[in-house]
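Student: Below: sequence and its predicted model.
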Amino acid sequence: MFGFNVLVTVLVFFLVPIVFFILILAVAKRYRKVGPNQVMVISGRRHRMKTADGRTEVSGYRIRQGGGAFIFPLLERVDALSLEVMTLDITTPEVYTKPGVPIVVDGVAQVKIKGDEASVRTAAEQFLGKTVEEIKQIALQTVEGHLRAIVGTMSVEEIYRNRDQFASSVQEVAVSDMANMGLQIVSFTLKDIRDSHGYLEALGKPRTAEVKRDAVIAQAEADRDAAIKSAQARQAGEIAKFEAETRIAEAQRDYQMKKADYDAAVNLKRADADLAYDIQKNKTSQSLKREEIQIAIVEKEQQVLVQEKEIQRREKELEATVKRQADAERYRVETEAAAQRARSEQVARGEAEALRQKGQAQADVIRATGGSESEIIALKGAAEAEAMRKKADSWKEYNQAAVLQLLITALPDIAKAVTEPLSKTDRITLVSTGADGT
């Protein structure tokens, strides 16, 4: 009995967690989730719901948009509807416009299931179980029909010129039918309008020619304006260049003038400094010259004093040696010469007197006989010349001793004549004009 209880306890201990895990797994498997771009339609059981007008209705399905819900096994099933945008490429066959011109229209429409509960229920009732391509085809047929209807109410020019208005008209007409299916047109765009008869081409030719004409005119005007602007720019550039060059020239002129003034001031100062330097240099040189001259004068004065002393010494020496000898010799010579001279003079005077008397006598004879005054003068002159010749002859008789006597007699006077001016000289200036001392 105890063993059975232990076995039951062990089984319970192991089986209960397994059963609990299986139950959790089953529940998790039946819990379905959808994203915000999908709608989950759960059908199989009846549910009460409120309509838009506030009434309560019983429905066999329930809706979950973006979220999760538990699905009862065997009683409920799950279907999903996509809320994503669907792109519809619309190309109509040839459709006649209001004036009867056949055209082909290409457009693009963006449609989706509306997100409100009523639209989702409507779409679930119509599209549940259908693929996205099938839903797109249904919406395409609807929009294309309304597009062809709008084309029939407008002209080619209106469609071509007012594309936005055409697209808005398509959306306005198709919105009610699309809403009945739970759909909405997010956007509609007219891509292209074309025809196979050249209507659009012919329609565009005048405008094309006009545009081309306007383009040519605009280009010409643009070229003209560009040329004017370019000329004005060149003119402004030249003016600016000339003004800049003028300012540069003025600046250079001002600089040169200021530089000239500065150089003149500097040169003036330099000249003043040089002049002051030269003046000072000359003054210094003159002072130096004066000092040198003073020194030279002093030296010359000293030399003169020395020379004077030398002259005095030699003079005294001369007086001591020569003068005494000269006096003795002179006395002897003078005595002899005096005697000889006296004799010669006496003879000469006698002869001269005789000749003078002879001439006088001849003159008297001539005067007495009536001779001319010139003859008388000539005779006197001849007598005097003869007398002088006689004197000269007497002088010739002096021998060398007499000449030496005369020279010795004159030596003291010569020495005195030389030394006397030197004794009165204040200073002597020696001038040298050559390297040899001359």
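Tutor: Structure's in. What do you need? Residues are numbered from 1 along each chain as shown.

Student: Let me see the mean pLDDT of the helix or strand where Ala215 lies.
Tutor: Using DSSP states H and E, Ala215 falls within helix 199-318. Helix 199-318 carries an average pLDDT of 80.

Student: cool, stretch 144-151 as well?
Tutor: What stretch 144-151 shows for mean pLDDT is 90.

Student: Renumber starting at 405 from here on
Tutor: Sure, I'll start numbering at 405, so the last one becomes stretch 548-555.

Student: Send me it as PDB with only the CA atoms.
Tutor: Extracted C-alpha coordinates of stretch 548-555, given in PDB (Å, rounded to 0.1, in the frame of the first residue of the first chain):
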ATOM      1  CA  GLU A 548     -11.000  52.900 -64.700                       C
ATOM      2  CA  GLY A 549     -14.700  53.100 -65.300                       C
ATOM      3  CA  HIS A 550     -15.000  56.400 -63.500                       C
ATOM      4  CA  LEU A 551     -11.900  57.600 -65.400                       C
ATOM      5  CA  ARG A 552     -13.400  56.900 -68.700                       C
ATOM      6  CA  ALA A 553     -16.600  58.600 -67.600                       C
ATOM      7  CA  ILE A 554     -14.800  61.800 -66.600                       C
ATOM      8  CA  VAL A 555     -12.900  61.800 -70.000                       C
END
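
Student: Other residues contacting that stretch?
Tutor: 494, 496, 499-501, 507, 509, 511, 563, 570, 573-574, 577-578, 581 (CB atoms under 8 Å, 6 or more residues apart in numbering). Every residue, glycine included, has its C-beta placed from N, CA and C.

Student: one more time with 10 Å, if that's ok
Tutor: With CB atoms under 10 Å, 6 or more residues apart in numbering as the test, stretch 548-555 has contacts from 492, 494-497, 499-502, 506-509, 511, 513, 563, 569-582, 589, 592, 594, 597.

Student: So which of these are in strands?
Tutor: Among the contacts of stretch 548-555, the ones falling in strands (DSSP state E) are 492, 494-495, 499-500, 506-509, 511, 513, 589, 592, 594, 597.

Student: Among these, which one sits closest to Arg718?
Tutor: Using CB to CB, Leu594 comes nearest to Arg718 of the ones in strands among the contacts of stretch 548-555, at 155.2 Å.

Student: The closest one is in contact with Glu562, isn't it?
Tutor: No - if you go by CB atoms under 10 Å, Leu594 and Glu562 don't touch, sitting 12.0 Å apart.

Student: hey, what's in contact with both of these two?
Tutor: 569-570.

Student: Walk me through the domains of this structure.
Tutor: Domain ranges of the chain: 406-485, 487-601, per automatic domain parsing.

Student: Distance across the longest one, terminal residue to terminal residue?
Tutor: If I follow you right, that is domain 487-601. Start-to-end span of domain 487-601 (CA to CA, to the nearest Å) is 42 Å.

Student: Neighbour count: Leu594 and Glu562, which is higher?
Tutor: More neighbours surround Leu594 than the other of Leu594 and Glu562, with 20 against 15 (other CB atoms under 10 Å).

Student: Tell me the spacing between that one and Lys502.
Tutor: 16 Å (CB to CB, to the nearest Å).

Student: coming back round to it: pull the most distant pair out of the ones in strands among the contacts of stretch 548-555.
Tutor: Maximum pairwise distance among the ones in strands among the contacts of stretch 548-555 (CB to CB): 25.6 Å, between Pro506 and Ile589.

Student: So if I had to pick from the two, which one is more boxed in?
Tutor: Ile589 (22 against 15).

Student: Contacts only, for the residue nearest to the more buried one when sequence neighbours are not counted.
Tutor: Ranked by CB to CB, 6 or more residues apart in numbering and with sequence neighbours excluded, the top spatial neighbour of Ile589 is Gln575, at 5.1 Å. Gln575 is in contact with 513, 547, 550, 554, 582, 588-592, counting by CB under 10 Å, 6+ apart.

Student: From the contact counts, what lies against the strand ranked longest in the chain?
Tutor: If you go by DSSP E, the chain has its longest strand at strand 435-454. Where contact means 3 or more CB pairs under 10 Å, 6 or more residues apart in numbering; DSSP states H and E, strand 435-454 is packed against strand 460-474, strand 481-486, strand 506-517, helix 521-531.
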